[in-house]
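> Sequence plus the predicted model coming up.
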Amino acid sequence: MISSLEGKITLCAEKHIILEANGIGYKIWCSEKTLSKLPQIGETVKLFTYLSVKETSWDLFGFLAFDELEFFELLISISGIGPKTAANILSVATAEDLQEAIVLGDETILSRVSGIGKKVAQKIVIELKSKVKKLSKGSGDKFRVADDIEIIDALVAMGYKVYEAREALKSVPMEVKGVENKIRETLKRLGKR
């Protein structure tokens with residue numbers, strides 16, 4: 001298994017790059033978000049990779065961060081979600097935002113992906129909710145799952161949409177502590193919209 005590659009970018013296309021490492025050019029499929037963060041052609045980059053082996057092809061998928069690769073592997077563990085669909089999902093938002101949406105039961109971000117309808121989005125949320133909670137705890141609680149759920153539930157009870165509440169909550173400074181204070185600050189931001 002090829003778990004990472006470091007080399008020079010020799011070509012950058014719409015959905016993939018060619019990365020030259022030790023004289024070999026590797027075609028690596030990337031999400032739009034990853035492609036937008038890559039250095040320019042001729043520069044060196046290190047990517048964490050996933051090798052998808054099928055009867056008709058071997059495809060490499062590349063990620064700048066290990067947590068993106070982990071989330072990608074969770075997505076493809078769901079029946080009906082292939083590597084290219086998983087890469088498309090990672091094109092609409094960061095892995096962290098997608099994980100948070102799944103934990104909060106908000107499939108609106110997933111529904112924006114071409115080819116993913118409401119039923120498939122709900123399936124992803126249902127199948128990954130507990131796995132994503134474990135993943136977030138293992139990565140140092142990048143988002144405070146319990147607090148966020150409580151805050152967003154309270155705001156939804158007040159009539160706000162899940163995605164509105166989540167976006168407003170993200171803009172609350174990290175220095176603000178306590179669920180009540182965070183709700184107050186989030187409401188201020190929602191009031192400005």
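That came in fine, so what should we check first?
> burial count for residue 4?
As a burial measure, residue 4 scores 13 neighbours (other Cβ atoms under 10 Å). Any C-beta I mention is one placed from the backbone N, CA and C, and that applies to glycine too.
> And for the one 5 residues further on?
Close neighbours of residue 9, defined as other Cβ under 10 Å, add up to 19.
> Any idea what it is bridged to?
Residue 9 has the following beta-bridge partners by DSSP bridges: residue 19.
> wait, isn't it in contact with residue 16?
No. Taking contact to mean Cβ atoms under 8 Å, the distance of 10.9 Å between residue 9 and residue 16 leaves them out of contact.
> Against which helices or strands is the helix or strand harbouring residue 119 packed?
For residue 119, the host element (DSSP states H and E) is helix 118-138. Packing partners of helix 118-138 (3 or more Cβ pairs under 8 Å, 6 or more residues apart in numbering; DSSP states H and E): helix 66-76, helix 95-103, helix 108-111, helix 145-157.
> can you redo those as JSON lines with mean neighbour count?
JSON lines is the format used below for the helices and strands packed on helix 118-138 (neighbours: other Cβ atoms under 10 Å):
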{"stretch": "helix 66-76", "mean neighbour count": "20"}
{"stretch": "helix 95-103", "mean neighbour count": "23"}
{"stretch": "helix 108-111", "mean neighbour count": "17"}
{"stretch": "helix 145-157", "mean neighbour count": "16"}
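> Rebuild the ones you listed as TSV, extending it with distance to residue 51.
Formatted as TSV, the helices and strands packed on helix 118-138 follow (distance: least, Cβ to Cβ, whole Å):
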stretch	distance to residue 51
helix 66-76	11
helix 95-103	19
helix 108-111	25
helix 145-157	31
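> I'd like to know which of these is closest to residue 125.
Smallest distance to residue 125 across these (Cβ to Cβ): 5.3 Å, for helix 95-103.
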